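Novice: Build the 3D model from these lines:
(one chain, ligands or ions: 4)
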Amino acid sequence: MPYATKEMFYSLQGEGAQAGRAAVFCRFTGCNLWSGRDSDREKAICKFCDTDFVGADAGSFTDPNDLAAAAMSLWSHAEGGRPLVICTGGEPLLQLDEKLCAAFHAVGFEIAVETNGTQPRCPGIDWLCVSPKANAPLQVAEGDELKLVFPQPGVDPQRFVGLAFKHFFLQPMDGDDVAANTVAATEYCLKHPQWRLGLQLHKILGLR
Ligand SMILES: C[S@@+](CC[C@H](N)C(=O)[O-])C[C@H]1O[C@@H](n2cnc3c(N)ncnc32)[C@H](O)[C@@H]1O
Ligand SMILES: Nc1nc2[nH]cc(C(=O)O)c2c(=O)[nH]1
Ligand code: SF4
Ligand SMILES: [Mg+2]
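Specialist: Residues are numbered from 1 along each chain as shown. Ligands and ions are numbered 1, 2, ... in the order given. Here you go, the predicted model:
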């Protein structure tokens, strides 16, 4: 199966512990928790997604080296620093595999992944961000950061605090209630200092 990509772009990581760092984003098509169609949103397992991941608009790649080269071409104007590719989606772990990780490494990338935690990780990932979803079994219980969209009905953040992550972030759920959700996440972090508030910097700054 070729790797299907929705978009690739150069921006600043807007979320989590690496917020503010320049990176190439590689957004894979497709997700196991929502079809991506608005008409299916209410019956989806994950109902609050802020992303269009439908369609291989940035290409389908049979050879992982071609995908890695396309991603690196977006970094090529940058001077210094360590090249970072952030694999997201959709759900990147439906497609990212050891071969593609090897190809990213071969062109010089450090590899970060944003995942919903329902799929096993493949070897080669350098930074793993897991964002658990209500009603989806969490298969990946360790990583670099756990980033919980908050609030999610039926999800108590304390469920996750014993897991083996270096950072724990609450990210206010974007949408109609983002202002109230930001207040709620702020109050939660003030009461539970193990959690840090993470705002989506790219949305605040108008970046991609
Ligand atoms: C679009 S998802 C793609 C990666 C993966 N499927 C996942 O859910 O982690 C990227 C990040 O955006 C977060 N996210 C999605 N919709 C959001 C929303 N409405 N408000 C805040 N964060 C959101 C996800 O939880 C995840 O951390
Ligand atoms: N700038 C920027 N930072 C991001 N961090 C995670 C993103 C995602 O959609 O996974 C994202 C995104 O879409 N844009
Ligand atoms: S799991 Fe991630 S990509 Fe899939 S619908 Fe939820 S937020 Fe969107
Ligand atoms: Mg996004």
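Novice: Do any residues in whatever helix or strand A23 lives in lie close to ligand 1?
Specialist: Per DSSP states H and E, A23 falls inside strand 22-28. No. Against ligand 1, strand 22-28 shows no contacts by C-beta under 6 Å from any ligand atom, the least distance being 7.9 Å. The way it works is simple: take the backbone N, C-alpha and C, and place the C-beta from them, glycine included.
Novice: just stretch 95-103 next, same as before
Specialist: No. Stretch 95-103 is not in contact with ligand 1 by C-beta under 6 Å from any ligand atom; minimum separation 11.2 Å.
Novice: Would you mind listing what in the chain touches ligand 3?
Specialist: Counting by C-beta under 6 Å from any ligand atom, the residues of the chain near ligand 3 are 31, 33-34, 46, 49, 51, 53, 89-91, 116, 133.
Novice: in this structure, which spans are helices?
Specialist: Secondary structure of the chain by DSSP state H: the helices cover 64-75, 98-106, 178-191, 201-205.
Novice: Now mean pLDDT and mean neighbour count too, for the ones you listed, in JSON lines please.
Specialist: Below are these laid out as JSON lines (pLDDT from 0 to 100; neighbours: other C-beta atoms under 10 Å):
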{"stretch": "helix 64-75", "mean pLDDT": "98", "mean neighbour count": "18"}
{"stretch": "helix 98-106", "mean pLDDT": "99", "mean neighbour count": "18"}
{"stretch": "helix 178-191", "mean pLDDT": "99", "mean neighbour count": "15"}
{"stretch": "helix 201-205", "mean pLDDT": "98", "mean neighbour count": "13"}
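Novice: quick one: the residue nearest to V155 when sequence neighbours are not counted and P193, what's the gap?
Specialist: Leaving aside its sequence neighbours, V155 sits nearest to A134 (C-beta to C-beta, 6 or more residues apart in numbering; 4.7 Å). To P193, A134 is 24 Å away according to C-beta to C-beta, to the nearest Å.
Novice: who's more crowded, the two?
Specialist: More crowded of A134 and P193, by other C-beta atoms under 10 Å: A134, with 15 against 7.
Novice: Write out the residues of the chain neighbouring ligand 2.
Specialist: Residues of the chain lying near ligand 2 (C-beta under 6 Å from any ligand atom): 11-15, 25, 51, 88, 114, 202, 207-208.
Novice: Just the buried ones from the residues you listed, in PyMOL syntax?
Specialist: Here is the PyMOL command that selects the buried residues among those (16 or more other C-beta atoms under 10 Å):
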select buried, resi 11+12+13+14+15+25+88+114+202
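Novice: closest to V183 among the residues of the chain next to ligand 2?
Specialist: E15 (19.1 Å; C-beta to C-beta).
Novice: List phi and psi for V161.
Specialist: phi -70, psi -20 (degrees, to the nearest 10).
Novice: change the start of the numbering to 36 and stick with it
Specialist: New numbering, starting at 36: the last item is V196.
Novice: and it, how many neighbours?
Specialist: By other C-beta under 10 Å, neighbour count at V196 equals 13.
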